Every structure is written in C-alpha cells, then in structure tokens.
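A.B. asks: give the three-dimensional model of this entry:
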Amino acid sequence: MVPRAFVKLFHDLATFPVPLRSGALAIGNFDGVHLGHARIVERLLARARQVGGPAVVFTFDPHPVRLLRPDAAPPPLTWTNRKAELLARLGVDAVLAYPTDEALLALGPAEFFAEIICKQLDARSLVEGPNFRFGRGRAGTIELLGKLAAAAGILVEVVEPVVVADEIVSSSRVRRLVADGRVGEARRLLTEPYRVRGMVVHGAGRGAKIGFATANVDAIDTILPAHGVYAGRALVADRLWPAAINVGSNPTFGEQTPKVEAHLIGWHDPLYGSAVELDFLERLRGVERFAGVAELRDQLARDVADAERIVAQYPT
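C.D. replies: Below you'll find the model as predicted:
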C-alpha cells in the first residue's frame, strides 16, 4: 500500500479553522510542486516555528489566468488534490485552494493584502519568491508587499529561486520538459515523479490478444508527455505497479487517434471504470510502426523489461 499524506485541504475562507490562522503564509499557484516550491515550503516551516503558528499555503483554483485570458492559460501540471498532497508531504499544515472568481480578481493589491492576508488569515509571516505578484492585474509587486507588511508588522522573507543546470526551476520549465517527453529531466526538478490521472475505459482489446493487456486511460486533465513509450508506475487502489505506458497512436494497426495505454506489469484483474494515476519516470522510445504483430510483440517485451528495470530503481 502507498501511504497517502494526510491533507488538510480547504476551499472556503469562511470555514477555514481558526487554529490554522495566525501563522506563516505562502501564496502562489505551486503548480507541479517543484524544487523551487520545496525551498519556499522549507522556509515557510521555519517561519511558522518562529511565530509559533501553522504553515499554510494559499493557492488558487483554478489558475487566475484561466478566467482572465483562457486562451493563454497553460495546461496544468497537477490537479488540486494532488498539489495539496505533495505540499503536505513537504510538511505544510494546510492548503487553502481559494475558488478564483471575479470578486477575488477585482481586489487591488492593498485590498487583497488587507482583506485576505490580514483580516481573513491573520498572517504573522509571509514567504514568497522574488517574482511574486498579487492583486488586480497582478499590480502588486514583492516590493509593495514588503511595504504593506512592514506597516502591518508582518515579517516577509523573499526566497531566491532554485537553479539546476544553469536555469531557474519553474513550472513553465517543467511543463516544457514534459511536453517534449523529457520526463526524466522533469522528474529531477520535481519533488515527486510527474503524474497524471484518469479513468480506465474500454479499448480495442488488441493488447490482451498478443499478451500485453493495457488499461486505456481517458479524461486526463493535466498536460500529457509527448507521444512515445515510457517507463512508469500505475497507482491503483493505493498500490503502485510497474508499468509500460504508451502515449500516442497505434500506427501498426492503422490507428491515428492518440490515446494513453498502460500495461501494468503483474496485474491481471479488469480495471474498466477504475480511477488510475500514472507516474512517468523515463522515456523509452518514440511511437513506431512495425511490420506485423510478431515484431510488435518482440518490441513490447523489450519495453516491459526496460520499464521493469527502471521502475525497480525507485522507492515505492
């Protein structure tokens, strides 16, 4: 069984418990929960101990840009519950995923600071990155936050970004790597391997006929890696299974519609209608067209062996 982090996830300020107020607060999207976010959380926990209160992350659901400029909204790396779970694993006491609406977006920086940070959450300390923006039109800068906080007697700590391979770790960088299929590189920037979720639906059933049954995963609501075959893991009923995951079409059988198929190594029971989560660890190869079923079967056997070997290197 995979231990789930106990998550205190809230969606409403009106019901946010009083014991979780009056502590240290970090505000942001935290999409993907990468190493930069982990550094912010590390300092958040230190500040919470300093002020003798809880460590709370205030995030947005959905990302504000989805309301302001939906055509420009980046595809998310994590869904809200996953984000909260990852933050809980880092040690935060609670996550407030505030429903993004027109009323919130209409608050100017000073109003947001006074209403949300001071009145509603009674923050004693704030921890943010240097590019933090807040309030209507993202007009509030980290400098303005410092001035408002100083006047209110609130401590502010600005955390410098994490740099890996001479580039700042950011959600956009992780998103770019995932989109390119470079999930191994993305994994090294994240606190946990990149994961998607979906529901298992009926497929053509060809995999089972050639000895490699697959779960066809649909309704995925986060960014998908580039087309290819990946070594990964499938989380089903709180247990992780090694998996070979195909993202893309099946040209050997003349199918051009892209889909996500996962062969769970060692799994034999039906999964139709089940929720499944998939971790992407390494890309094995691109999508290929094979001369026939025998050639495809041989390649799938190699893919499964490679996936099993790679997954064995990771703790469960």
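A.B. asks: all contacts plus neighbour counts: C-alpha atoms, from now on.
C.D. replies: OK.
A.B. asks: leaving out chain neighbours, which residue sits closest to the residue nearest the centre of the chain?
C.D. replies: Computing the C-alpha centroid of the chain and ranking residues by C-alpha atoms, centre = their mean puts residue 78 first, at 2.8 Å. Distance criterion C-alpha to C-alpha, 6 or more residues apart in numbering; nearest residue to residue 78, sequence neighbours excluded, is residue 32 at 5.4 Å.
A.B. asks: neighbours of residue 237, how many?
C.D. replies: A count of nearby residues for residue 237, using other C-alpha atoms under 10 Å, gives 12.
A.B. asks: ok, it to residue 273 distance?
C.D. replies: 13 Å (C-alpha to C-alpha, to the nearest Å).
A.B. asks: secondary structure element for residue 291?
C.D. replies: Assigned by DSSP states H and E, residue 291 belongs to no helix or strand.
A.B. asks: with the one 10 residues further on instead?
C.D. replies: Using DSSP H and E, the element containing residue 301 is helix 293-311.
A.B. asks: domains for the protein, by residue range?
C.D. replies: Domain assignment of the chain by automatic domain parsing yields the ranges 9-164, 193-311.
A.B. asks: from start to finish, how long is the last one in a straight line?
C.D. replies: Start to finish, the residues bounding domain 193-311 are 11 Å apart (C-alpha to C-alpha).
A.B. asks: try the first one
C.D. replies: Its first and final residues considered, domain 9-164 spans 30 Å by C-alpha to C-alpha.
A.B. asks: tell me the mean pLDDT over it?
C.D. replies: What domain 9-164 shows for mean pLDDT is 95.
A.B. asks: please apply the same query to the last one.
C.D. replies: Domain 193-311 shows an average pLDDT of 90 in the prediction.
A.B. asks: quick check, distance from that domain to the centre of its chain.
C.D. replies: Offset of domain 193-311 from its chain centre (C-alpha atoms, centre = their mean, to the nearest Å): 20 Å.
A.B. asks: and if you look at the first one?
C.D. replies: Centroid displacement of domain 9-164 relative to its chain, using C-alpha atoms, centre = their mean, is 16 Å.
A.B. asks: give me the phi and psi for the closest residue to residue 310 other than its chain neighbours.
C.D. replies: Spatial nearest neighbour of residue 310, excluding adjacent residues (C-alpha to C-alpha, 6+ apart): residue 231 at 6.7 Å. Main-chain dihedrals, residue 231, degrees, to the nearest 10: phi -90, psi 130.
A.B. asks: ok, now the one 5 residues further on?
C.D. replies: For residue 236, the backbone dihedrals are phi -130, psi 130 (criterion: degrees, to the nearest 10).
A.B. asks: against residue 200, how distant is it?
C.D. replies: Counting by C-alpha to C-alpha - residue 236 and residue 200 are separated by 11 Å.
A.B. asks: one more: residue 260?
C.D. replies: Taken as C-alpha to C-alpha, the span from residue 260 to residue 200 is 10 Å.
A.B. asks: return every residue with contacts to both of the two.
C.D. replies: 216-218 (C-alpha atoms under 8 Å, 6 or more residues apart in numbering).
A.B. asks: let me know the closest of those to residue 122.
C.D. replies: residue 218 (42.1 Å; C-alpha to C-alpha).
A.B. asks: re the thing from before, out of the domains of the chain, which gets nearest to residue 180?
C.D. replies: Per C-alpha to C-alpha, nearest to residue 180 of the domains of the chain: domain 193-311, 5.3 Å.
A.B. asks: and the strands in this structure, which stretches?
C.D. replies: Here the chain has its strands, by DSSP state E, at 9-10, 24-27, 55-61, 94-99, 125-128, 155-158, 163-164, 167-168, 194-201, 215-218, 228-236, 239-250, 255-264, 275-285.
A.B. asks: pull up the pairing partners for the fifth one, direction included.
C.D. replies: It refers to strand 125-128. When sheet partners are counted by DSSP bridges, strand 125-128 sits next to strand 24-27 (parallel), strand 155-158 (parallel).
A.B. asks: okay, the ones you listed, which one's buried deepest?
C.D. replies: strand 24-27 (a mean of 26; mean count of other C-alpha atoms under 10 Å).
A.B. asks: what residues does residue 246 make contact with?
C.D. replies: Taking C-alpha under 8 Å, 6+ apart, one finds 227-230, 259-262, 287 in contact with residue 246.
A.B. asks: closest one of those residues to residue 125?
C.D. replies: Nearest to residue 125 among the contacts of residue 246, with distances taken as C-alpha to C-alpha, is residue 230, at 42.6 Å.
A.B. asks: ok, how many other residues are close to the closest one?
C.D. replies: Residue 230: 28 neighbours (other C-alpha under 10 Å).
A.B. asks: ok, it touching residue 278?
C.D. replies: No: between residue 230 and residue 278 there is no contact under C-alpha atoms under 8 Å: 10.5 Å.
A.B. asks: thanks a lot, see you next time.
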